[in-house]
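**Q** Below are the sequence and a predicted model; questions follow.
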Amino acid sequence: MAASVNSFQIVLDGRKAAPEELNPLVFAGFAHFTAMQVRDGKVRGMDLHLARLRAASVDFFGAALPDESLRSFMRIAIEDGSCEQSLTVTIFSRSGEFTSAGIGSEPAALVRTGPPSKGPIGPLRLAVVNFERPLPTVKHVGEAAKTYYLHQAVRQGFDDAAFVDRRGRLSEATIWNLVYWDGEAVVWPEAAVLAGVTMGVVSRQLKRLGIPQRREEITLENLKHLQGAAVMNSWTPGVPVTTIGQVVLPEAKPFIELLHKAYIAEPALSI
């Protein structure tokens, strides 16, 4: 009898790839995710993470996994880890991309953990790029442009990049939400952006603290009249930004402290 032959081999740099080496490559295109920082088994804004996964799953796959199932998967992933972890939940179709086979099928979830992150200290200098993310309201995978423009910015002497849309409005940074300060109120950019979980947490706690907020179209021209800028994501509620393109801004330390104060005011809840 002829020996059976394994038809599936994955070779990386000329050798068979180990499973842990493939993890970053698994979801190249049609999937969405949320990322969070876990401290002592607790997370801030869990309701917003679940709402994000639910809405994106319905949009992508026509169905969403139950919230409690996702929380159960997360608890399993973190149970043997340290008290501080990063956690990412990715929702995908088992049929993969470039096929209609997965239409109507229940999506699957992959949860992975990693070392904790607190983000850069800053202040950051952002290059300006004319770019609009596809499906901007969904936190989806496979966005090569983010890394591409980050690298281009660093080569030009900047720390990262901010995006300007076709109407000249500053929208987002590569993996960050942008936020501004006019000296009295927090200003969120009016543009097509991903509504970050940290952004949602900070916004609702600013409201509770009685800090004025508004949405406004921010261009490079009216940016000159603002008193501060920051970026935020799942790593941190605020890193100061002192340069966007050719516009120089004050570091606005009280503004950064306010963003952190608002974030800390959000109760961290058990997964």
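**A** Perfect, I can see it now.

**Q** Helices of the stretch 51-200 of the chain, residue ranges please.
**A** In the stretch 51-200 of the chain, the segments counted as helices under DSSP state H, counting those that start in this stretch are 67-78, 144-155, 197-209.

**Q** Show me which of these has the highest average neighbour count.
**A** Per-residue neighbour counts averaged over each of the helices of the stretch 51-200 of the chain give the maximum for helix 197-209, namely a mean of 19 (mean count of other Cβ atoms under 10 Å). Glycine gets a C-beta too; all of them are placed from N, C-alpha and C.

**Q** who touches that one?
**A** Contacts of helix 197-209 with the rest of the structure, by Cβ atoms under 8 Å, 6 or more residues apart in numbering, involve 34, 36, 44-45, 48-49, 52, 177, 179, 186, 188, 213, 232-234, 236-238, 258-259, 261-263, 265-266.

**Q** The helix or strand just after it - what's its average pLDDT?
**A** If you walk from helix 197-209 toward the C-terminus, the next helix or strand you reach (DSSP states H and E) is strand 213-216. Rounded to a whole number, the mean pLDDT of strand 213-216 is 98.

**Q** Show me what strand 213-216 is packed against.
**A** In terms of contacts (3 or more Cβ pairs under 8 Å, 6 or more residues apart in numbering; DSSP states H and E), strand 213-216 is packed against strand 186-189, helix 197-209.

**Q** thinking again about what came up before, in helices, which of the contacts of helix 197-209 fall?
**A** In helices, defined here by DSSP state H, the members of the contacts of helix 197-209 are Leu48, His49, Arg52, Leu258, Leu259, Lys261, Ala262, Tyr263, Ala265.

**Q** before we move on, back to that, export the helices and strands packed on strand 213-216 to JSON lines and tack on mean pLDDT and distance to Ala108?
**A** Formatted as JSON lines, those follow (pLDDT from 0 to 100; distance: least, Cβ to Cβ, whole Å):
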{"stretch": "strand 186-189", "mean pLDDT": "98", "distance to Ala108": "34"}
{"stretch": "helix 197-209", "mean pLDDT": "98", "distance to Ala108": "22"}
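
**Q** Minimum distance to Asp80: which of the ones you listed has it?
**A** Asp80 lies closest to helix 197-209 among the helices and strands packed on strand 213-216, at 24.9 Å (Cβ to Cβ).

**Q** Could you check the angle that closest one makes with helix 46-61?
**A** Orientation note: helix 197-209 sits at an angle of 140 degrees relative to helix 46-61 (axes from the mean of the first three to the mean of the last three Cα atoms, to 10 degrees).

**Q** Relative to the whole chain's centre, how far out is helix 197-209?
**A** Using Cα atoms, centre = their mean, to the nearest Å, the distance from the centre of helix 197-209 to the centre of the chain it belongs to is 16 Å.

**Q** Then stretch 115-123?
**A** Using Cα atoms, centre = their mean, the distance from the centre of stretch 115-123 to the centre of the chain it belongs to is 14 Å.

**Q** Give the rounded mean pLDDT of that stretch.
**A** Across stretch 115-123, the per-residue pLDDT values average to 95.

**Q** List the buried residues in it.
**A** Pro116, Gly119, Gly122, Pro123 (16 or more other Cβ atoms under 10 Å).

**Q** Identify the residues contacting the second one.
**A** For Gly119, the residues meeting the contact criterion (Cβ under 8 Å, 6+ apart) are Asn233, Trp235, Thr236, Val239.

**Q** Is it possible to get a markdown table of these that adds pLDDT, neighbour count and distance to Ser171?
**A** Converted to a markdown table, the contacts of Gly119 look like this (pLDDT from 0 to 100; neighbours: other Cβ atoms under 10 Å; distance: Cβ to Cβ, whole Å):
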| residue | pLDDT | neighbour count | distance to Ser171 |
| --- | --- | --- | --- |
| Asn233 | 98 | 21 | 14 |
| Trp235 | 97 | 19 | 20 |
| Thr236 | 98 | 22 | 19 |
| Val239 | 98 | 24 | 17 |
